[in-house]
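Participant: Attaching a predicted model along with its sequence, questions to come.
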Amino acid sequence: MKFIVAVDKEWGIGNKGDLLARVRADLANFRRVTAGKVVVYGSNTLATFPGGKVLPKRTNIVLNWDMDYHPEGATVAHSLDELFEILKQYDTDDVFVIGGASMYRQLIPYCDTGYITFFEKSYEKDVYIPDLDKDPEWIRVSRSETYVSDETTDTEGGLEFYFTEYRRVKRDADGVTALECGAPMTDEAISKALDRLIEAKKPHKTLILPPDHTRLYSGGGKITDMLWHKLKDSCEVDIMPALGTHAPMTRDEWEEFFGDIPFEKMIVHNWRTGVERVGEVPAEFVKEVSEGIMNEPVPVEINRRLLDKSYDLIVSVGQVVPHEVVGMANYSKNIFVGCGGSGMINASHSLGAFYGMERIMGRDHSPVRKVFDYAEEHFIADLPVVYVLTVCAGGGKTDIRGLYIGRDRSLFERAVAQSQRINLDHLKKPIKKAVVMLDANEFRSTWLGNKAIYRLRMAMAEGGELVIIAPGVNKFGEDAENDRLIRKYGYCGREKVLDLVKSEPELRANLSAAAHLIHGSADGKFRVTYCAGGLTEQEIENAGFGYMPPREAMEKYRVGELKDGWNDVDGEEVFYVSNPALGLWVFDGEEK
């Protein structure tokens, strides 16, 4: 259940039976938030409505003890018990308490979300709601910009006000937190959630496993910076980015992502030599979850630093978002791939690619995820791991909409559900021409930049064209061996790669590279034009793509004028994506 209210600087809400102020923008926000919902209020509040009539386009439930009270258009509850019985037929997320003071006092204890408009003024008032900032169970998760009232439309001009969203987070001995919000999450909310974790764990030595710079807008950098500053004076802190197969971060990347954390604190994960085997997922289990596609055991290797028993807290930070290998990153993927070894990386990537990206992306419980779950349960359950998971909205900035802290898989599942709502874009028609921009600071290889291909492949029209503008891309693989293999075999399509795996020992020995070749192939469905700033036309064409210089592409499609989604460029319909890492685009229908 939720509540919505406007308060002044002392959390006052009214005076002598009336509102403190009438501000058109606040009333419009009330209408927007509660439209089509269930509104719960007292009979005194109903009496203040125009004509004493119920609110239109809403289900109205009024609490009044008088058995003879029957207002037109409303359901009447004569006690709290009767109210709760009535509310059982509705989704609690659709129920809003809207007043007055007695209703707030009785029902806020049953609410988990509050939408509060703050007037930056002290009014004369005689009724209040509790100050949620003094209640440790409540966290303000979002705050709008400050607006100013207009004397021509409002009861007074020059009144500063802003909108907020509060969430209840019950205290937990393990510091578990689950926060969702409909606007960018405040740093204050993130900080309070991390404080709860630290207070619960009281660590002496902490290992933080954040993403690297290739997850620039994941919120992982901000969270790592916060953790570092909160812990560094009372706890030994090590930071090892979960690189997987990626190249180590440069100083510039480190400083952009992690702020003022000393570059010297970086521990580099080596996926080939820095790992230790902790177990094996049995072949029969792999065969079952892969529907017979794979019938080999999967070695479970993790960076040996995670096995150092002097760490009493290991914090794995990662973004939950659609993913081509596991379906939905993150959770234990950060451990088994980000901090894993070649055996697990090769096996998981090939399993995902052979099973089929279209059957995996955007879904939980994929074959690869089931392998990770098996390994989490059987081989690292005794490690002091806590997952800090974010869900972020799209756009060229960090916009955290969900934060989930804990070890239990149910938290990951909640994050998955939120990401599926936010990050999956279901299109009503296929894309004939797509233009994707790859930030030069984030994407420097096709290994990373090919997100543009597999995140849009399920939305592309047969015979369409995907134009990837990649001014920072100057190599194919993130390490020398993978780069060599990509250059040698190219993005030649799924079936061809499967044949090559059978005939070429070097691909069988590097199945993650083979899987990447599948991920980066359009399989003849659509054309890919790669506008790479640091690779020649010949190199791009040898890899299996068309080529256009980045500057020419940016001018042709007027990238600076494009908005995410559908655009008209000189009479041609163009679908633009400013960052493919933050979403998955799907056409659900059949092409005509």
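Facilitator: Everything's here; your move.
Participant: For the rest of this, base every contact and every neighbour count on C-alpha atoms.
Facilitator: Fine.
Participant: Can you tell me the SS state at the residue nearest the centre of the chain?
Facilitator: In the chain, the centroid-proximal residue (Cα atoms, centre = their mean) is Val391; its distance is 1.8 Å. Here Val391 is recorded as strand under DSSP: H, G, I helix; E, B strand; the rest coil.
Participant: and what of Asn44?
Facilitator: Here Asn44 takes the helix state, with states given by three-state DSSP.
Participant: pLDDT wise, what is it at?
Facilitator: Looking at Asn44, its pLDDT reads 91.
Participant: can you count the residues close to it?
Facilitator: Asn44: 17 surrounding residues under other Cα atoms under 10 Å.
Participant: same question, Ala242
Facilitator: 30.
Participant: returning to what we had before: surely the residue nearest to the centre of the chain touches Arg401?
Facilitator: Yes: here Val391 reaches Arg401: they are 5.6 Å apart, a contact under Cα atoms under 8 Å.
Participant: Distance check, the residue nearest to the centre of the chain against Tyr331.
Facilitator: To Tyr331, Val391 is 12 Å away according to Cα to Cα, to the nearest Å.
Participant: Identify the contacts common to the two.
Facilitator: Residues within reach of Val391 and of Tyr331 at once, by Cα atoms under 8 Å, 6 or more residues apart in numbering, are Val320.
Participant: list the contacts for the residue nearest to the centre of the chain?
Facilitator: Residues in contact with Val391 (Cα under 8 Å, 6+ apart) are Ser218, Gln319, Val320, Val321, Ile400, Arg401, Gly402, Leu403, Ala415, Gln418, Ser419.
Participant: Which parts of the stretch 401-550 of the chain are strands?
Facilitator: For the stretch 401-550 of the chain, the strands defined by DSSP state E, counting those that start in this stretch cover 424-427, 431-437, 460-470, 527-532, 546-547.
Participant: out of those strands, which comes closest to Leu383?
Facilitator: In terms of Cα to Cα, the element of the strands of the stretch 401-550 of the chain nearest to Leu383 is strand 424-427, at 33.0 Å.
Participant: hmm, back to that, tell me the spacing between the residue nearest to the centre of the chain and Glu156.
Facilitator: As judged by Cα to Cα, Val391 and Glu156 stand 39 Å apart.
Participant: re the thing from before, widest-spaced pair of the contacts of Val391?
Facilitator: Based on Cα to Cα, the longest span within the contacts of Val391 runs between Ser218 and Gln418 and measures 14.6 Å.
Participant: Which segments of the chain make up each domain?
Facilitator: Here the domain assignment for the chain is 2-168, 185-424, 428-587, based on automatic domain parsing.
Participant: How many neighbouring residues does Asp399 have?
Facilitator: By other Cα under 10 Å, neighbour count at Asp399 equals 19.
Participant: For it, grab phi and psi.
Facilitator: Main-chain torsions, Asp399, degrees, to the nearest 10: phi -140, psi 80.
Participant: Name all residues that make contact with it.
Facilitator: Pro184, Met185, Tyr217, Gly219, Cys392, Ala393.
Participant: so how far is Gly114 from the last one?
Facilitator: Ala393 sits at a distance of 21 Å from Gly114 (criterion: Cα to Cα).
Participant: now do the second one
Facilitator: According to Cα to Cα, Met185 stands 14 Å off from Gly114.
Participant: So Gly343 sits against Glu301, correct?
Facilitator: Yes: if you go by Cα under 8 Å, Gly343 and Glu301 touch, sitting 7.1 Å apart.
Participant: more neighbours, the two?
Facilitator: Just comparing Gly343 and Glu301: by other Cα under 10 Å the higher neighbour count belongs to Glu301, 26 against 20.
Participant: Tell me which residues touch that one, please.
Facilitator: Applying Cα under 8 Å, 6+ apart, the residues near Glu301 are Val275, Glu276, Arg277, Val278, Gly279, Phe336, Gly340, Gly341, Ser342, Gly343, Met344.
Participant: Only whichever of the residues you listed are buried, select them in PyMOL.
Facilitator: This is how PyMOL selects the buried members of these, with burial counted by 16 or more other Cα atoms under 10 Å:
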select buried, resi 275+276+277+278+336+340+341+342+343+344
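Participant: what bits of the stretch 151-300 of the chain have low per-residue confidence?
Facilitator: Applying pLDDT under 70 to the stretch 151-300 of the chain picks out residues 171-173.
Participant: Strands along that one, start to end?
Facilitator: With strands called from DSSP E, counting those that start in this stretch, the stretch 151-300 of the chain shows them at 160-168, 177-180, 205-209, 236-239, 275-281, 298-303.
Participant: Let me see the confidence value for Arg494.
Facilitator: The model reports Arg494 with a pLDDT of 89.
Participant: Count the residues that sit near it.
Facilitator: Neighbours of Arg494 (other Cα under 10 Å): 21.
Participant: same thing with the one 10 residues further on?
Facilitator: If you count neighbours by other Cα under 10 Å, Glu504 ends up with 11.
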